[in-house]
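Trainee: Here you go, sequence then predicted model.
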Amino acid sequence: MSAALSRSDFVKWTASFAGSFVLLAGRDGVLTPAKAQAAADFSPNAWLRIHPDDTISVFINRSEMGQGVMTGLPTLVAEELDVPLARMTVEVASPAPQYLYPGQREMSTGGSVSLRSSWKPLRQAGANARAMLVQAAAQRWSVDPVSLTTRDGKVVHAASNRSATYGSLAAAAAKLPLPSDVALKVPEQFALIGKRGTQRLDVPSKVDGSAHYGIDVKVPGMRYAAIARCPVFGGTVKRFDANQAKAIKGVLDAVQISRGVAVIADNTWAAFRGRDALVVEWDEGPRAGNESAAMFAEAERLARDPSRSTATTKRGDVSSLSGRSLDAIYYGPFLAHATLEPMNATAYVRDDSCEIWAPTQAQSRAQAAAMRITGLPAEKIVIHTTMLGGGFGRRLQSDYIEEAVELSKAIKAPVKVTWSRADDLQHDFYRPMIVDVMRGVLDAGGRIAGLSCAAYGDSGSEVADATYQIPNLLVTTVAADHGVPTGAWRAPNANWTAFVMESFLDELAHAAGQDPVAFRLAHLLPDSAAAACLKLAAQRANWGTARAGISQGVALGFWNGSTCATVADVALNGSMPKVRRVTAAVAVGIAVNPEIVVAQTRSGVNYGLSAALRSKITLKNGRVEQANFDTYPVMRIAEAPAIDVAIVPSDASPTGIGELGVPAIAPAVSNAIFAATGKRIRRLPFSDAQDA
Amino acid sequence: MISLNVNGRHYDLDVPDEMPLLWALRDVAGLTGTKYGCGAGLCGACTVHVDGRPQRSCVMPVAAARGKTIATIEGLSPDRSHALQKAWIAEQVPQCGYCQSGQLMAAAALLARNANPSDDEIDAAMTNVCICGTYDGIRAAIHRAAVPTRKP
């Protein structure tokens, strides 16, 4: 095998509807390269390349994990360029300075910012390119550029009935000076943005098995690896015996790396079997005693100890208030991300270069980690971002990529590290366990006079950020010190604090003898997005209309500038909630692709509901007790509610939708359970609360 | 050496008898449309058809597939023309897409034995996990494919 892989060996993915152009890597191991740059291409900026055959390559700096960036981002370019979206192929760029927007520090996909951050630069990229193509046509025909129009990938001179395709103008346009401040369309001119019926570019490849995920990567000479990691977080290898592992057909070797012991094999299954046959003696470190019940007790003790905590928000003085007060404690478990595609990465480290193929949300972080491991400069580390089989924040970490890089460096061959489901659930960066000690005070008029939240772990911020008008507010936090890795989990912080805040508001509403929707509206500014969403959701859900066997609960969720009001219609199936229908009203600025906004809202609702029903990660002897979908149950179709999504109309710049549906669903369901039973649930998942 | 009939094509695979069909398909035959999700028959991402019946290939030893007719997502149609694939596109079902091969194979097996399933029958047959929560779309797409007169 040659030392360097040729470009045609690269695993790439592209997608398009245009007949001959639909070909993705993967089938029968045949790899189709992205269209290489040719001399006659027109590349006015880093983001697009117009080819002489009228196809257009768009490069994006965000990862596709189901949220729709492979469609939404090129839509911004296509809108200004006046070209059908289906004529575009899309590729995720390898991290490099030209693929960062002004002010963007690293290439990553998180926080629901992809569309918002691209809104101006990608439309500008398309508008500038269009202006140059028009100029090229004007020169060719010796006409005034203002006499020209563009549509369907062509420049048109109506007066003389002439037209030229962009591809035919590409070479001439490439010779023109770059414009910088071309005017963008106003919303009334939009042909794609905000319109229904745009087909996702990634869907065809996802109905025929050709979509190419990290786990599907195969490069010449590649080995397969599985890794034994210490079952206790922070533990290390003392010694290991690989004799039994090496006796398994297909197992080639066993190598110690910083995170454990890797078994190298010629197929994934042999690597898994070899890993299971390893005999490893671990130094388990100081966390081998971690037990969930004791951890919660300690967390509660710390949260209640004012000497240990610091105030993150203080407004007025809650402690001096008199009036009717309410106290409650809420408990949230660690949660795994459970992406259906387990963690995996492929790396090939050579003396002078490093290539990585990975389903990653964090290209810059992975690149920086590879620089540390290999000693190579950034420009020698190429990252091929595959399709992601779910992300939800898990793939903002680079641990699984570092394993592959370290291992490839050690064995001097390309290697794919694949995690089993147990690896994935037991070595996650979890949604933190949280305890919140709440106190609320009502004034004589039944309004909230003050609220305090003493939080253990990464929570409380949403309480402070909430747009409710509460005159006295105190949020304190005490840092967690349990040694369990934690990280972003779809709508970080908000995914838990909305449960606490919206459940507790419901408690206060009932204590004040008020309707939960009216009580919330009384604490919101009348012209706020939250009030608009709440009224819209209540109206569509027929809030307050009694139906036999159904109770309703309401909650608001906020995420990074976006707002969602959620009403859950719940029946009780024994002690467990059966969520029949969910109504969600979202405010996200302009909905660039309304169908994706609806789909992502449903996705967030289902993700949040799935976790709230039965999911929890617990520890015993420092080890995660859950190993697969039998012990970490997730929601299936039989439990999935019908979800009605309403979008608040807007022409404002877009915010984000990938996480917005998550925060409000658990409290909406819990509030509906209270409405039906008078039982307040303060500990998730619901399956636990039922036992308590 | 194990001989397999997959999507009408003959494969000779040099794999141990006990290797799960999933890994023989993915790592050896190069048919990566069938996905690994749990390795224990719990999630359905690896669903294929064996003699026309849905089978979770991660828990079926490859030797047990000898002499049987196997179909994977790559064999559902040559050009995305299966009624379910068309319905999946029309309803824009996939998000991350990782579970969808298994969902489609499970749905195809359902429609093959029940041309017009009710919601309850869909619930009973479609136990595959979708972490993205595309369940609304899956249900709508199965109904769309089930009744030809409903097609646009």
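Mentor: Nice, thanks for sending it over.
Trainee: Just give the number of residues close to A:Ser325.
Mentor: Using other C-beta atoms under 10 Å in any protein chain shown, the number of residues around A:Ser325 comes to 16. The way it works is simple: take the backbone N, C-alpha and C, and place the C-beta from them, glycine included.
Trainee: Repeat that for A:Ser307.
Mentor: A:Ser307: 6 surrounding residues under other C-beta under 10 Å.
Trainee: Ok, the one 3 residues further on next?
Mentor: The burial metric for A:Thr310, expressed as a neighbour count using other C-beta under 10 Å, is 10.
Trainee: Pull the contacting residues for the closest residue to chain B within the stretch 1-150 of chain A.
Mentor: Proximity to chain B, evaluated over the stretch 1-150 of chain A using C-beta to the nearest C-beta, is greatest for A:Gly66 at 3.2 Å. With contact set as C-beta atoms under 8 Å, 6 or more residues apart in numbering or on different chains, A:Gly66 has these partners: A:388, A:390-391, A:603, B:94-97, B:132.
Trainee: Centre-most residue in chain B?
Mentor: Nearest residue to the geometric centre of chain B (C-alpha atoms, centre = their mean): B:Met105, 2.4 Å.
Trainee: OK, contacts around that one?
Mentor: With C-beta under 8 Å, 6+ apart, B:Met105 has these contacts: B:47-49, B:54, B:71-73, B:76.
Trainee: For the helix or strand that contains it, buried residues please.
Mentor: B:Met105 belongs to helix B:100-113 when assigned by DSSP states H and E. Residues B:100-111 are the ones in helix B:100-113 that count as buried (16 or more other C-beta atoms under 10 Å in any protein chain shown).
Trainee: does the residue of the stretch 1-150 of chain A closest to chain B sit in a helix, a strand or a coil?
Mentor: Here A:Gly66 is recorded as coil under DSSP: H, G, I helix; E, B strand; the rest coil.
Trainee: Name the nearest residue to the residue in chain B positioned nearest to chain A, sequence neighbours excluded.
Mentor: For chain B, the residue positioned closest to chain A under C-beta to the nearest C-beta is B:Gly33, at a distance of 2.0 Å. Leaving aside its sequence neighbours, B:Gly33 sits nearest to A:Gly209 (C-beta to C-beta, 6 or more residues apart in numbering or on different chains; 2.0 Å).
Trainee: again, but for B:Gly97
Mentor: The shortest distance from B:Gly97 to any non-neighbouring residue, by C-beta to C-beta, 6+ apart, is to A:Lys206 (3.2 Å).
Trainee: next one: B:Pro117
Mentor: The nearest residue in space to B:Pro117 (C-beta to C-beta, 6+ apart) is B:Leu110, at 5.9 Å.
Trainee: quick one: least confident helix or strand in chain A?
Mentor: Least confident helix or strand, chain A: helix A:461-465 with a mean of 57, by mean pLDDT, DSSP states H and E.
Trainee: Pop out the phi and psi values for the residue of chain B closest to chain A.
Mentor: B:Gly33 adopts backbone torsions of phi -70, psi -30, taken as degrees, to the nearest 10.
Trainee: what's the neighbour count on it?
Mentor: So B:Gly33, with other C-beta under 10 Å, has 26 neighbours.
Trainee: now the strands: where do they sit in chain B?
Mentor: Per DSSP state E, chain B carries strands over the ranges B:2-6, B:9-13, B:47-50, B:53-56, B:69-71.
Trainee: As TSV, the ones you listed with mean pLDDT would be great.
Mentor: Shown next, in TSV, are the strands of chain B (pLDDT from 0 to 100):
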stretch	mean pLDDT
strand B:2-6	97
strand B:9-13	97
strand B:47-50	98
strand B:53-56	98
strand B:69-71	98
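Trainee: from the ones you listed, which stretch is densest packed?
Mentor: Comparing the strands of chain B by mean neighbour count (mean count of other C-beta atoms under 10 Å in any protein chain shown), strand B:47-50 ranks first with a mean of 25.
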